[in-house]
Every structure is written in structure tokens, then in C-alpha cells.
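A.B. asks: Only the shape, not the letters, is given here:
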């Protein structure tokens, strides 16, 4: 194997073109096997193998600095920078993260996972180089999908006037996670179709020098291009035309499905992911489709991750004109939804917890200040074993401290549906719903709550001494705690399903004072700035004691959920221990 | 006066060109007099009078929908849409806000004050029109300065593919608040210089149709242009070349100073704003300049509002290459600063509380996850009488619930300087400092605190029974409360200056349990998700009572600070009443 000889980028320098092509094939095989075993980003990495080899052949990392965007396409880079063992030996498959990680290698500059950041970061790296009087190339590697995000544009606009060396490699595979959305993509297409020669050139209008490489999976052509821009004295965009999923036919043909995949997808038919059992995604999809069909003013909106909540190509087609995927543009998504609602339409915006934080100002200004009645469906909220870049534990502090919005936490399908129905008919508030990131819970009992009566918590079982308030997904934990208290301490605790995250039920909390000594709050997210602290504040001047349970303010990185629950004392056993101590 | 006859846009339709020109002059005089009396946005409004007249002459608001960006240029619009009394009669000068306000008029679609939102909002308005099968024009009016913000670009990218009527008027006066920054502005310049004819056209690359109007202060030409695009069946950009401050020579010549002005500026020389007494701005500027001079790796960064913290043209020139104004691009500013710090430079980013929320995801991902040692100086944090769009009361929940960052609240110049010095020398954390939004407080006593020992609160006076924790600017309130307690209740309270917003001093709080019954927290911002709630959570399981003081989670709109303090029971008298009640 050629790869046997390659332990760092400098080992590439002595290879000839044939050897590099062989190396690319070896890397391709490793990536296919590894990703099919562990899951991960397949298509993006298969498409960028040749460019990564050429990049490391021409430039000298880490003296030359390479900044990856999203960094989900860094697997070939990891293989070439001393981490091939993580791809060769299945025992080491989980040794390295799927994103760049400075703690793993000097060749990784930043911990990255959200999109559209590389150009801004590279501009900072380049400016630091200039301030310190150093030399070397600064390279940002960004995919076409990431170019639709506002941060990428702010970066481009500023990078363009840097006046010194800066190389932006645009990896254009004509796909975001799903299809690209937006006017820019017509221009990229025109650039591809004219071999980069059309006079209408987005990058040039911003002031960049520009180079087009049509064969973006051809190592020889790439080396030639990169050599021609190495040590350039001004900012340039190198636009390379690559094939997502290159070298794996099924991935080339099913780009969206193979963008990020679960283990074993290669062993199934790509279409065998058909839904069989009901879950919160299917319930959501059914609800939206029904509303779209019965009301032409209902419109579903997503921001580049429709697949994350099961909006398949077929499903999107059914929504037709009543669906907008804005691409990676969460800020636009929120402002767009707000204006739709203000203009009498009924927007339903689906978004992931980790990405809702890309649009705080729009939530505050465009949406909440204008009090526009949109429905926001938030998926993947809660503690998880995700990468540090994709945690779902911050949305409660983020959303719930903004005025006007009503943030709801259903504990079962029936509540979820009722909340959706209410949200779509009311005109008074922006409403967000935190979909449980668990298997579907169905009580079979219709929820008839009037959610227009804000901040009314539901007392599910009346008891005494201790009240347990279990928010959303942690309502089931609350039930376990209650049953433990009964069994072990013979305490008949009160069980509360708060449903509302954005406000507290002062009347109920006041009433609890009469025959309760302790209130326990449970929330699936960090405690700081969250739900439980508001209860603690309320009871601050009373003799009621409060124990808040939730996560710690920290970036966790691929830590098993069970371990996190242990760490934060979120197991029924630990909570019982605490109660015994404090009572 | 022609204006006597104009009470709504439809009254314009019967005017001839001469009358409209006279009307423009009448409006100009009113705006100049009003703004010089009340303060406000002078230059932007003087530049857009003619375009506003032409717009309302050609289009039929409110059937045609006009969405203003920032909406600081809406004074002529207000005059023409039934609110002229707010400009004619000094008694009514404060009757209407300086921004669009749907509660004032059906001609105002959104409450707006932050930039770069109009295109996204207009896209939503247009899509709602299409879904409902309605007709009419949707017009976004955006200034060139706002075009650098990521949200504007996300909007452009999506508006371009709308496929139906949408008119984006780019009001190009060649100025943001300060100079425009970024590659885009070279393109706008080229478009102006070629009468819109250069083949390199930013808007066309995104897929827009395009029309250039060179005489953007000529009503006749504007009417002609607007007529030609009225009822167009696809998205178009109408690029109008206007003069900021048009018709007021001193404003035309001093564009930055007359962008937003305090009352009476016209009666002074524009340069007479020279600093005489020391304040937190001058202290900051002196500190930065000294560091820039002594260390080539120090770099000051601002995002389009250098004037807000006294970075005049002269001052900026002194910083030279060690200063970057990124324009309206807060997301880029944070990522750029993070990368500078990671690359060994020492970035000092100045930002306003109301605008820091435009960059939450970058604070979280680009900055804090990477733990880059930047220094962020945050101005204008705290409760205020500002417009609802420009409040400074949300930065504590926003920043302090993100891991890794150290957010500091100095109470005087000496602490502020010490914190700055520490921040610039340490390599362990992103540091943000909340500059007091008050007159300078100087104790004359050098601060020798070692801020690397995180979350150590300072006990200023030891007492018993009650501890008062006064954060930042509210430390002075804490002192007043202490002296009231002594005087009225003979309680010798403990006085604490916490200094750290992002963490609590558990050791101290534990110690206070011994001889205190009540802890009072005071913070200058909303309580929800803030500082005091963390103290309440800490004491939740103890017998210590906690009273949290701060603002309520709400958008306040130009409410006098004194009224707000009364409303939130933030006066020493009210706090004393509460203490008497709860003790």
C-alpha cells in the first residue's frame, strides 16, 4: 500500500502522480468501509480525496494553514495527517472525531462543525500572519452548500480586501446537504458550464481573483492549479468542480442520502429507509401535509437539513409550492417566516436545536419584537452523545429568555398535536415546540388543553411534601423519581408536567407552598439560564427548597448519554440520594 | 405649504413635479429642524426624501408593501403617511418613534432597528401574497451599508429565486455609519462609475434583474425608474445613487458625524465634539492605543459602529493597520477575532450590547468552543430608555450561558483597566468586559486582583444577616441599599462586588450561610437567564433566602430609565420595603 509510506503530509512530496492516484483509491476504500461501519459523512469525503492529496502535496501544512468549513469533509485530511489508524483498524474507528480537532493534530486549526465559518476564520489567520510579519499560505476550503450562509458572505466581503495572500478553495459539488437553494447557485452553474469564463462572476464582483478547475477530482489538474496560486500576494478563489460521492456509484447517484449516513446503508437499498413505525418525525410530517392540503396559506420551511426530520424528496414534492428550503440560511429562514406570518400566511419552520442558535438576532428582532405568529418545530433538543459542535442542550436558555415567544415542551404525541393545532390557529405569539428527542410516547388520551392560557402547568398527580416538575422529555424521569420516592421513602410526591418553558405558573407554585417542602425541577438541557432557575428565583424568598436538575454549562464531546446523566446526577437513584440528604 | 395638502400617500398622486420638488424642500426643512432639536438620524433621511416621494407617488401603499431596512431612514415616509405633525409641531416631536412602527400606521409593516433584515422580510411578504393569490408590489428599501450583513445576503440569495414580483431598492449613498467596508463596495462603486453598465454586477450574479438610477435625488428620474419596474413579474434590484445629507451642506461634507446626531449639532462646529473629560470611552481608547503602539500583534476590531465608542476618524487613523472595521458584519467580527487570537495576535473587539446578539452562534462555535483568548469590550449594556430595537438588557443571558467565556463586570475605572490588562496577557479564555454605561467612576485605588482566579467575588464590606451582591453598574445601587439598611433597620449588611458574571463564587456563597439569612442580587439587565438566578439556584436547597433584582423579560420602548427602575422595584426605597416584608 502506498498509504503505508504516508504518515504526514510531507511524505506525499516524494510520490509521483501514479502513486498519488493509487493512494486516492486506497483512501477511498478505507473511507467507504469505515463510514459504512460507523456511519458519518460519505459523499462529501469521497468527493474531496483528490483535492486533499493535491492540497497537501502543493502546500506545506502546518506552516501553510488550511481552514476547513464545517470540516465534515476532513476524513482524507485526517488520513494524510497522522491519523490513518482511525480508518484502517476498526478498533480505532472511533478514536478520532469526524471534524477537525486541534487536540488531535497540529494540522487542524479549529474545532468546527457548523457551516460557513472558514472564510472569516481564515481571514483572521491571515491577518495574524501579516501583523506578525510572517509568511505562508492561508487556505480556506469551503463547499458550495456552505456559501449560502451569511457568515460566509460576511467573510468573503472582508477577505476580498485583505490585500495579501489568501486562497479560498470552493469545493463545488453542486449539492448542499439537500439541493442547493438560492440565486448564487445559478451563478456557480453558469461558471461550471462556461469553464469559469462567464463575465458574470460572483466572486469577481466581490473583488476576488478567480481560477476555475473543471476536473476537481483529477489530482494532476489540481496540483497544477494549486501550484499556480501558491504564495499569491492577494486573495483568490479557486473554484473546483468535484463529484460528491466520487468513486462510489450508489453515492454518486443518491447524493442526499449518502451525504451523512447511518451505519450499514451500503448493505441496503438506498430507498429501504421507508417509514414503518410511527415516530415524532412521521407525526410531524403527517400533520404538516394535512395542513398544507387543507389551507393554501400554510407553508413549511426548512434550512438545509430537511432529511434530519424525515422530509424526503418525495415528501417535499408533495408539499409543492407550500414548502421552502432556504438552504443554509437560518437567519433568513426566521425573518422570512416572521414576514409570512405577519402577512397572513401560516409558516411552520422546522429547525435543529444546534442550528437555531445561528439566528438569535432574528428570533429577537424580526420575530419576537414583531410578535409574529409562526410555528417553530425544534428537533434534537436535549443532552446527547453528539459532537461538541452539534449539541442540543443550549436551546432553552437561548429561546426562553427572549420576550413574547411561547416555547412549549410536549411529553407525548397527543400534547404535541394539540400544541401544533393551537399554534397554527392563534395569532398572538410566536410559538416554538421542542419535539421530544425520544421514541414516540402516546398516551392514547386526547389532549384538550387550551394553550392560549399561557404558563399553566399541569398537575398530573397531586401529592404532598415534594413536587416534581419534569419538563418535556424529562417528564418520564419525573415519573420514575416519583415512584422511587413512594417506594423508598413512602413520600407521595406531586407530579407536574409544566408544558410551558417560557414562563412559570405562579399560581400553582404559590399553592404548592401550602403542603410542600421541596420542589424538584428536571430539564433536558443546561441548567444555566434555563427553566429550573426561574423556579428557584420564584421560591427564593420562601421556605420552599428547590433542587434543579439538568446539564452543566459545558461543551461535551461524544460522551455517552448515560455517562452524562450520571455526571449530572440525573438518574432516579442519584436524585433519591439527594432528596434523602436535603430533606 | 404643499405639505398642508398631503395627509396620506394618495394625496401625492395629484401633485405635479414642481409641487413635489417644493414638497421635498419643505420636508427637508422640517427634518433638519426636528433632528437638530431632538437628535436622530440626519444624513440618511435627508438623502432619501426624493426617493420616498417618488416611491409613494408611483406605488400604492399599503396595498403595495414597503419594507424598510433598519428603518432609520423612514422620517420622510412618516411625514407622508399621516404623521407629519410629529415633524411640524415641536410639542409632537417625540410622538412617533424614529423607526417604522406598525402600531403607528398601516404603512409600516415591521418594527425594525437592526440592519440587513428587509430583503428576508420582503421575501416573506411576497411569498404570502403569492400563496394567497393576491397581487401588488413588494418593495424592500435597503441602504448600501446594510448590504454587508449576512442576513441581507441570505435574503438576496433567496429573493432572487422567488420567481414573482419583488423590487429591492438599494439606496447607495456610499456610506455605512462610517465608511463602507468590504469587496462589495468596490463593485457598487464600479456600478456607479459605469452608470450601472459594468458587466461585473453583484446583483446580476445572484440572478436579479437590475436597473441603475444615477440621479437618486431627482424625483423625476426616480418616478420614471419606479414606474418602469412597477408590477414587474420577477425580482429586480433598483440601484439608486443618492447623496447622504442631501441639501444640508455641512451634513453632506461630514457624513459620519451627521449619520446619527445628538441635539444641537448644527449649532456647533462639527469638530467641536473634542473630548474634554475622562469617561469609559476615553479610558478604553487610551488603553487600546497604548497597547497597539507597544505590541504589533494587538489589533482593534469594530463592526460598523466605531463612533458609538468614540473611535473617531483621527483615532482610527492612529491605529493604522492594527485596526479593522468589518462593517455591518458582527458574525465575521467574532470569527475573525477568534482566529486572530488562535494565531497569536491579540484582538480587542468592541461591540454594543444590542448588536452582540447578532453573533450568538459565532460566540458559541467559532469563539468559545475553540476557547480563543480574545478581548471583547461590550458597551451600552444595561436597562435604558432606548427604542425597543436597541435595548442593552439581554447580553447577560446571551453571553453568560455559553461555556468557556469569562464575562466580567467592572464597577470602576481601576477594575476595568486591570481586567483589560489581564485579558490581554492571558491565553486561557475568551474574555468579555461589560463596560459600565455610566459616567466614569474612579476610586483612585489600584486594582491588584488576579483575575485568572475565576469567579472570585470581592467582599467589600463584611456584615451579617443580609448580603447584597451588586453586579457592575448596580454596585452603586448595592451601596445605597446597604446604607439604607443600616440607617433604617440597623442592619450591617455584607457588600459584595462579584466582578464575574459567568460563574458564582461557591466558596463565598457557602460561607455566607453561616451568618446571613438573606442574599440580595442586583443586575442591570433582565433577570431571566441572568446572573441572580444562578445564585437563587445555588441557595435553592439551603435556608438562605434570595431576592433577585433586575429587569423583566420584555421589550421596553423609550421608557425613561427612572420609570423602568420603579417598575422593576430597583430603587433603594422599594428594595428596603421588600426586605422589611420578607425578613
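C.D. replies: The structure has been received and is ready for your questions. None of the values given here were measured: they were computed from a predicted structure. Numbering: from 1, shown residues only, chains lettered A, B, ... in the order given.
A.B. asks: The closest residue to residue A:364 other than its chain neighbours: what's it in contact with?
C.D. replies: Of all residues not flanking residue A:364 in the chain, residue A:402 sits nearest, at 5.2 Å (C-beta to C-beta, 6 or more residues apart in numbering or on different chains). Yep, even glycine has a C-beta here, placed from its N, CA and C like the rest. For residue A:402, the contact set (C-beta atoms under 8 Å, 6 or more residues apart in numbering or on different chains) comprises A:363, A:364, A:368, B:394, B:553.
A.B. asks: before we move on, what about residue A:578?
C.D. replies: Each residue near residue A:578 by C-beta under 8 Å, 6+ apart is listed here: A:547, A:569.
A.B. asks: so who does the residue of the stretch 1-150 of chain A found nearest chain B touch?
C.D. replies: Among the residues of the stretch 1-150 of chain A, residue A:150 lies closest to chain B, at 1.9 Å counting by C-beta to the nearest C-beta. Counting by C-beta under 8 Å, 6+ apart, residue A:150 touches A:116, A:329, A:331, A:332, B:149, B:150, B:151, B:152, B:153, B:154, B:331.
A.B. asks: same check, this time on residue A:23
C.D. replies: Counting by C-beta under 8 Å, 6+ apart, residue A:23 touches A:2, A:3, A:6, A:12, A:15, A:53.
A.B. asks: These in strands, which ones?
C.D. replies: With DSSP state E as the criterion, strands contain none of those.
A.B. asks: In JSON lines: the residues you listed, plus pLDDT.
C.D. replies: Formatted as JSON lines, these follow (pLDDT from 0 to 100):
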{"residue": "A:2", "pLDDT": "97"}
{"residue": "A:3", "pLDDT": "98"}
{"residue": "A:6", "pLDDT": "97"}
{"residue": "A:12", "pLDDT": "97"}
{"residue": "A:15", "pLDDT": "98"}
{"residue": "A:53", "pLDDT": "98"}
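A.B. asks: So which of these sit within helices?
C.D. replies: residue A:53 (DSSP state H).
A.B. asks: now the contacts of residue A:23 in JSON lines, with neighbour count?
C.D. replies: JSON lines is the format used below for the contacts of residue A:23 (neighbours: other C-beta atoms under 10 Å in any protein chain shown):
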{"residue": "A:2", "neighbour count": "18"}
{"residue": "A:3", "neighbour count": "19"}
{"residue": "A:6", "neighbour count": "25"}
{"residue": "A:12", "neighbour count": "21"}
{"residue": "A:15", "neighbour count": "18"}
{"residue": "A:53", "neighbour count": "26"}
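A.B. asks: coming back round to it: for the contacts of residue A:150, which entry has the maximal number of neighbours?
C.D. replies: residue A:332 (38 neighbours; other C-beta atoms under 10 Å in any protein chain shown).
A.B. asks: Confirm that it lies within a helix, as I assumed.
C.D. replies: Yes - counting by DSSP: H, G, I helix; E, B strand; the rest coil, residue A:332 is found in a helix.
A.B. asks: how about the nearest residue to it, chain neighbours excluded?
C.D. replies: Leaving aside its sequence neighbours, residue A:332 sits nearest to residue B:154 (C-beta to C-beta, 6+ apart; 3.6 Å).
A.B. asks: Wait, the one you found touches residue A:148, no?
C.D. replies: Yes - in terms of C-beta atoms under 8 Å, residue B:154 counts as a neighbour of residue A:148; the distance is 6.8 Å.
A.B. asks: Touching both of those two, which residues are there?
C.D. replies: Common contacts of residue B:154 and residue A:148, defined by C-beta under 8 Å, 6+ apart, comprise A:326, A:329.
A.B. asks: about what we covered before: any chance of the contacts of residue A:23 in CSV with distance to residue B:192 as columns?
C.D. replies: Supplementary listing: those in CSV, determined by distance: C-beta to C-beta, whole Å:
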residue, distance to residue B:192
A:2, 55
A:3, 55
A:6, 53
A:12, 48
A:15, 51
A:53, 45
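A.B. asks: Let me have the contacts of residue A:23 in TSV, extended by distance to chain B.
C.D. replies: Converted to TSV, these look like this (distance: C-beta to the nearest C-beta, whole Å):
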residue	distance to chain B
A:2	33
A:3	30
A:6	27
A:12	25
A:15	30
A:53	25
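A.B. asks: Can you get me a residue count around residue A:68?
C.D. replies: 26.
A.B. asks: got the contact list for it?
C.D. replies: Residue A:68 touches A:74, A:77, A:100, A:108, A:110, A:112, A:118, A:141, counting by C-beta under 8 Å, 6+ apart.
A.B. asks: go on, residue A:158?
C.D. replies: Residues near residue A:158 by C-beta under 8 Å, 6+ apart: A:120, A:123, B:181, B:182, B:183, B:324, B:326, B:327, B:329, B:332, B:336.
A.B. asks: Residue B:339 is in contact with the second one, correct?
C.D. replies: What it means is residue A:123. Yes - counting by C-beta under 8 Å, residue A:123 touches residue B:339, with 7.1 Å between them.
A.B. asks: Could you point out the longest helix of chain A?
C.D. replies: Longest helix of chain A, by residue count under DSSP H: helix A:17-38.
A.B. asks: list the buried ones in that one?
C.D. replies: A:20-21, A:23-24, A:26-28, A:30-32, A:34-36, A:38 (16 or more other C-beta atoms under 10 Å in any protein chain shown).
A.B. asks: Same list (those) but as a markdown table, adding pLDDT.
C.D. replies: Shown next, in a markdown table, are those (pLDDT from 0 to 100):
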| residue | pLDDT |
| --- | --- |
| A:20 | 98 |
| A:21 | 98 |
| A:23 | 98 |
| A:24 | 98 |
| A:26 | 98 |
| A:27 | 98 |
| A:28 | 98 |
| A:30 | 98 |
| A:31 | 98 |
| A:32 | 97 |
| A:34 | 98 |
| A:35 | 97 |
| A:36 | 96 |
| A:38 | 96 |
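A.B. asks: Looking at the contacts of residue A:158, which are in strands?
C.D. replies: Taking DSSP E, the ones among those that sit in strands are residue B:324.
A.B. asks: which of the contacts of residue A:158 has the weakest pLDDT?
C.D. replies: Least confident entry in the contacts of residue A:158, by pLDDT: residue B:181, with 83.
A.B. asks: Could you pick out the residues of the stretch 401-550 of chain A near chain B for me?
C.D. replies: Residues of the stretch 401-550 of chain A lying close to chain B by C-beta under 8 Å from any C-beta of the partner chain are A:401-404, A:526-530, A:532-534, A:536-537, A:539-543, A:545-548.
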